[in-house]
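>>> Take this sequence and fold it.
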Amino acid sequence: MHNFPCKLLTNYRLRIFATGLCILMLVLTVLSAYHYYEDRSRVMEKIDQRLYAGATGLRYAVGDAFHNRKLQPNMSLQEDYFQANCTLAKLTHDLDLKKLYTLISVDDGLYQILSNVCEEPINGGHKHFFALYPDAGLEGAEAHRSAVPRYYDTEDQVGSYRSLLIPYVTAGGYRYLVGASIDISLNHALAETLQRALAQCGILLLLSFPLTALFVWPLLCIDGFKDINHYYGIHVGDQLLISVGRCIKALIPAGTRLYKLDGDEYALLCESSPRSISVDYLISRINEQRINIEDAEFRLSVTAGVAQGTTQLIEHADLALKEAKRVLKPYKHYSSYLHTVQNSQANLLWTYKLKDAIDSDRIEAYFQPIYDNRRLNRLSIKFGFMGCA
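Model prediction:
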């Protein structure tokens, strides 16, 4: 049984940068939403204050006195009606409101008495009161029943409005509701502003995705493959390469491309997404494999490194592989410092070895015979290999 380390490589700098950019876009999106709701809260607070000021002004200007007189039995609404409505019209204009009005409840129905939009009283369906007032609906009935002010929003074909209903009681014991309405189209403008801001952040977020989808290039190499070729022959070596390729293809996720490189090397090209290849997973699964060829069993042991980016992937993968094997780690991630570290180490090591070999007269010439494993004969000899004894 034989163990053959493989290599698998990558780097995280560009991925970290792109991830940071995505986080920035998400933060901007959250801030846009926060500022929208903060601005909306301030605007709504001012709107509610203006509604309350209008309702209170109506009460003290005409409300209590008018309703205390006009709600008495057999009283006519014609007297002072025009003057009261003119006062409501002035309050509406000064406070930039849409409407000011008063309501009373009779037989579980709400009837309008005063309104800034009416110059003359309208004869209604209940005695001398106006016709039923449907706009207030359940909110008006609840405000009248519970004697608690109520805010509510309504829409019609003209626009959107926010209204306030406040129940009051006159000195004569007559209960009535004061209503105030205001145009809240500003809120819709704020909502459109938020939507535009969110759309812009979304576009920037989508633009940052290509940066995060950088390619990962794992490079797989079966170390010691030459020994297999020499011992078992090229036929067994070729069968092993085919089996290893099938094994890798079965383990990688969909969308990952597998390449056969020169000799005993494989390359994987995949995107750095959450479903991309996991180095730990690939190593552990390959280590579990047993490949049987012509009564011989081969077991693969994987050494991995990972290089990530858009250029020089194979070069970086190979550099990370060498570092992983040097420090005897299962895998190593590529980083730029590996260039300096490995070059310095190699230069120092071989400078020392050559100087020591020359001083000790330990440089010898070697030759390497090439054998045919099937015929068991020597085919040729390679000369010129220099080594340090």
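
>>> could you pull out the strands for the stretch 51-200 of the chain?
Listed in chain order, the strands of the stretch 51-200 of the chain (DSSP state E, counting those that start in this stretch) span 99-106, 109-115, 150-155, 160-169, 175-183.

>>> can you give me the helices for the stretch 201-350 of the chain?
225-232, 234-251, 279-288, 313-326, 337-359 (DSSP state H, counting those that start in this stretch).

>>> where does the stretch 151-300 of the chain have low pLDDT?
Counting by pLDDT under 70, the stretch 151-300 of the chain contains low-confidence ranges at 156, 158, 186-191, 193-195, 197-198, 201-202, 204-225, 271-277.

>>> Comparing the helices of the stretch 201-350 of the chain, which stretch has the densest surroundings?
Most buried of these by mean neighbour count (mean count of other CB atoms under 10 Å) is helix 313-326; its value is a mean of 21. All C-beta atoms are positioned from the backbone trio N, CA, C, and that covers glycine.

>>> Need the CA coordinates for that helix. CSV is fine.
The C-alpha trace of helix 313-326 is given here as CSV (Å, rounded to 0.1, in the frame of the first residue of the first chain):
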residue,chain,number,x,y,z
LEU,A,313,-3.1,31.1,-10.1
ILE,A,314,-0.9,28.1,-11.0
GLU,A,315,2.2,29.9,-10.0
HIS,A,316,0.8,30.9,-6.6
ALA,A,317,-0.7,27.4,-6.1
ASP,A,318,2.7,25.8,-6.7
LEU,A,319,4.4,28.2,-4.3
ALA,A,320,1.8,27.5,-1.6
LEU,A,321,2.3,23.7,-2.2
LYS,A,322,6.0,23.9,-1.6
GLU,A,323,5.5,25.8,1.6
ALA,A,324,2.9,23.3,2.8
LYS,A,325,5.2,20.4,2.2
ARG,A,326,8.1,22.3,3.8
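
>>> change the start of the numbering to 32 and stick with it
Done: numbering now begins at 32, and the last item shifts to helix 344-357.

>>> Reformat the strands of the stretch 82-231 of the chain as JSON lines; add distance to residue 325.
What follows is the strands of the stretch 82-231 of the chain, written out as JSON lines (distance: least, CB to CB, whole Å):
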{"stretch": "strand 130-137", "distance to residue 325": "95"}
{"stretch": "strand 140-146", "distance to residue 325": "97"}
{"stretch": "strand 181-186", "distance to residue 325": "82"}
{"stretch": "strand 191-200", "distance to residue 325": "82"}
{"stretch": "strand 206-214", "distance to residue 325": "88"}
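
>>> Give the full set of residues in contact with the closest residue to residue 313 other than its chain neighbours.
Distance criterion CB to CB, 6 or more residues apart in numbering; nearest residue to residue 313, sequence neighbours excluded, is residue 282 at 5.9 Å. When contacts are counted by CB atoms under 8 Å, 6 or more residues apart in numbering, residue 282 touches 312, 313, 316, 317.

>>> Please repeat the previous calculation with a cut-off of 10 Å.
Residue 282 makes contacts with 299, 308, 309, 312, 313, 315, 316, 317, 320, as judged by CB atoms under 10 Å, 6 or more residues apart in numbering.

>>> And the strands of the stretch 82-231 of the chain: which comes nearest residue 230?
Counting by CB to CB, residue 230 lies closest to strand 191-200 out of the strands of the stretch 82-231 of the chain; the figure is 22.2 Å.

>>> Output the contacting helices and strands for the closest one.
Contact here means 3 or more CB pairs under 10 Å, 6 or more residues apart in numbering; DSSP states H and E; on that basis strand 191-200 packs against helix 44-89, helix 95-101, strand 130-137, helix 168-177, strand 181-186, strand 206-214, helix 216-243.

>>> what do you get if the cut-off is 8 Å, keeping everything else the same?
helix 44-89, helix 168-177, strand 181-186, strand 206-214, helix 216-243 (3 or more CB pairs under 8 Å, 6 or more residues apart in numbering; DSSP states H and E).

>>> Okay, angle between it and strand 140-146 too, please.
Strand 191-200 and strand 140-146 are oriented at 100 degrees to each other (axes from the mean of the first three to the mean of the last three CA atoms, to 10 degrees).
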